[in-house]
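1. sharing a sequence plus its predicted fold:
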Amino acid sequence: MAKLINCHFPSEEIVAICDNRQKALKEAGNLVPSAILYSDFEAMLRVSEMEALLVETPAPMHGEFSIRAIEKGIHVLCDVPAVNDIQEAQRLWQAAGKTKRIFMLQSTTNFFGYVQKLEELYKRGKLGKPYCIESEYIHDLTELFGETPWREGYESIRYCTHSLGPVMKILKEPFREVVGFDTGSHVYNDPVHHDAMTAIFRTSSGVVMKLLVSFINHCPVHGHRFRVFGTKGYFERTMDYSGENSGKTYWYSTDNSAEKQFLDLEVGEAMPENQGRLDIGNHGGANFELLKSFFHAIYIGGPSPVGIKEALEMTLPGIYAAESACKNNAKLTIKYPWEI
């Protein structure tokens, strides 16, 4: 991200970097020599003149760092998920409500090309009303356990924002009920592991979504898969099985007799305007779009395209799903801070 900011946002300046790992902090300092380096977050908040903060801590710490920055009057771009528990969600919501500072969730999938196409088809009425959705996020992350030990015991269904973010762009209503399931550990037979977790979500209007998230598996590729069943059409994004961005995006519509065919939309991860410009960041240029949208929201005074309400609607369902799995798959009602 530092390199991306330096290369493509010349009006922005990285003034401070904080990391309690001395090796990582030194490497960051070499990348941005002008930045002041801190090993203590509170000291950075107290001394630095920064206006905005990028939160890239281990996932369980995102909410706490965001809350402390917002309370100091600092804009926040936070990696996913937004919070680690229900109480933290309430605190973040309250903190954000007391300031005009921008909070934005760094949900890269919201800016994928095929997600933009899904939203476009929905807005044009080419899908009708979605009534059933399936999504998967499959990625064997075991090689990262040593470098990022917080991942090893992390319940994968909590990392649901990559899947729920795109879905929320077409649902326009939050999920209200959830039942979660945990396979436990089969790959390495270690009780701390959660090889794969699934959840069934339902909205007030009866839309059902099935989500599978697995970070410990023998699948040779990784990626996202979506299937959207609508009253007027069908949308599907397949997994990338070759490592060459070969995933396919399909659409079938019954809205017009001339369109009654299964169409390959020929759009992938990269947004159309970023095709051929993948030097501007990872994820097909999604990182670039995130930063551009964040800075623009600050300049014009908002709103954030993935603001605090959207962030919690994308995060809390996974927290409740994990709780459901722990409670013998009990059906739980999802409650949001603005309703409590």
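-> That came through, no problem. Numbers count the residues shown, from 1 in each chain.

2. residues contacting the helix or strand residue 94 falls within, please?
-> Per DSSP states H and E, residue 94 falls inside helix 86-97. Residues from elsewhere that reach helix 86-97 (C-beta atoms under 8 Å, 6 or more residues apart in numbering): 63-64, 66-67, 70-71, 82-83, 103, 308, 312, 315-316, 319-320, 335-338, 340. For every residue, glycine as well, the C-beta is placed using N, CA and C.

3. span of stretch 91-103 from start to end?
-> 14 Å (C-alpha to C-alpha, to the nearest Å).

4. which parts of it are buried?
-> Using 16 or more other C-beta atoms under 10 Å as the test for burial, stretch 91-103 gives 91-93, 95-96, 101-103.

5. residue 76: which of these is nearest?
-> The shortest approach to residue 76 among the buried residues of stretch 91-103 belongs to residue 103, at 5.0 Å (C-beta to C-beta).

6. correct me if wrong: that closest one contacts residue 308.
-> Yes: counting by C-beta atoms under 8 Å, residue 103 sits close enough to residue 308 to count as a contact (4.7 Å).

7. tell me if residue 14 really is in a strand.
-> No: read with DSSP: H, G, I helix; E, B strand; the rest coil, residue 14 is coil and lies in no strand.

8. need the contact list for it.
-> 2, 5-6, 32, 34-35.

9. of those, which belong to helices?
-> Residues of the contacts of residue 14 located in helices (DSSP state H): 2, 5-6.

10. in three-state terms, label the closest residue to residue 262 other than its chain neighbours for me.
-> Nearest residue to residue 262 in three dimensions, chain neighbours excluded: residue 252, at 4.9 Å (C-beta to C-beta, 6 or more residues apart in numbering). Here residue 252 is strand, with the state taken from three-state DSSP.

11. gap between residue 252 and residue 233?
-> Distance from residue 252 to residue 233, counting by C-beta to C-beta, to the nearest Å: 6 Å.

12. between the two, which is the more surrounded one?
-> Taking neighbours as other C-beta atoms under 10 Å, residue 252 and residue 233 compare with residue 233 leading, 21 against 17.

13. contact partners for the more buried one?
-> Residues near residue 233 by C-beta under 8 Å, 6+ apart: 121, 126-128, 251-255.

14. possible to save these as a markdown table with distance to residue 27 and pLDDT?
-> Shown next, in a markdown table, are these (distance: C-beta to C-beta, whole Å; pLDDT from 0 to 100):
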| residue | distance to residue 27 | pLDDT |
| --- | --- | --- |
| 121 | 43 | 95 |
| 126 | 47 | 91 |
| 127 | 46 | 94 |
| 128 | 50 | 94 |
| 251 | 44 | 93 |
| 252 | 48 | 92 |
| 253 | 50 | 83 |
| 254 | 54 | 78 |
| 255 | 53 | 66 |
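
15. who wins for neighbours among those residues?
-> residue 127 (24 neighbours).

16. that residue: what's it in contact with?
-> Taking C-beta under 8 Å, 6+ apart, one finds 121, 170, 228, 230-235, 253 in contact with residue 127.

17. so where is the protein shaky, pLDDT-wise?
-> 242-245, 255-261, 275-280 (pLDDT under 70).

18. show me the helices in it, by range?
-> Applying DSSP H to the chain gives helices spanning 2-8, 22-31, 41-47, 62-71, 86-97, 113-123, 161-171, 286-300, 308-326.

19. in JSON lines: these, plus distance to residue 192.
-> Shown next, in JSON lines, are the helices of the chain (distance: least, C-beta to C-beta, whole Å):
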{"stretch": "helix 2-8", "distance to residue 192": "33"}
{"stretch": "helix 22-31", "distance to residue 192": "25"}
{"stretch": "helix 41-47", "distance to residue 192": "27"}
{"stretch": "helix 62-71", "distance to residue 192": "21"}
{"stretch": "helix 86-97", "distance to residue 192": "22"}
{"stretch": "helix 113-123", "distance to residue 192": "33"}
{"stretch": "helix 161-171", "distance to residue 192": "23"}
{"stretch": "helix 286-300", "distance to residue 192": "31"}
{"stretch": "helix 308-326", "distance to residue 192": "14"}
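
20. of all the ones you listed, which one is nearest residue 153?
-> With C-beta to C-beta as the measure, helix 308-326 is the member of the helices of the chain nearest residue 153 (11.7 Å).

21. between helix 161-171 and that closest one, find me the angle.
-> 120 degrees (axes from the mean of the first three to the mean of the last three C-alpha atoms, to 10 degrees).

22. that older thread, closest to residue 217 out of the contacts of residue 127?
-> residue 228 (24.2 Å).

23. contact partners for the closest one?
-> Residue 228 sits next to 118, 127, 130, 132-133, 167, 170, 234-236 when contact means C-beta under 8 Å, 6+ apart.

24. swap the cut-off to 7 Å and go again
-> By C-beta atoms under 7 Å, 6 or more residues apart in numbering, the residues touching residue 228 are 118, 127, 130, 133, 234-235.

25. again with residue 175
-> Listed by C-beta under 7 Å, 6+ apart, the contact set of residue 175 reads 201-203, 317, 334.

26. most neighbours out of those, which is it?
-> Neighbour counts for the contacts of residue 175 peak at residue 317, which has 30 neighbours (criterion: other C-beta under 10 Å).

27. surely it is in contact with residue 201?
-> Yes: using C-beta atoms under 7 Å, residue 317 is in contact with residue 201, at 5.7 Å.

28. between the two, which contacts overlap?
-> Taking C-beta under 7 Å, 6+ apart as the criterion, residue 317 and residue 201 both touch 175, 178.
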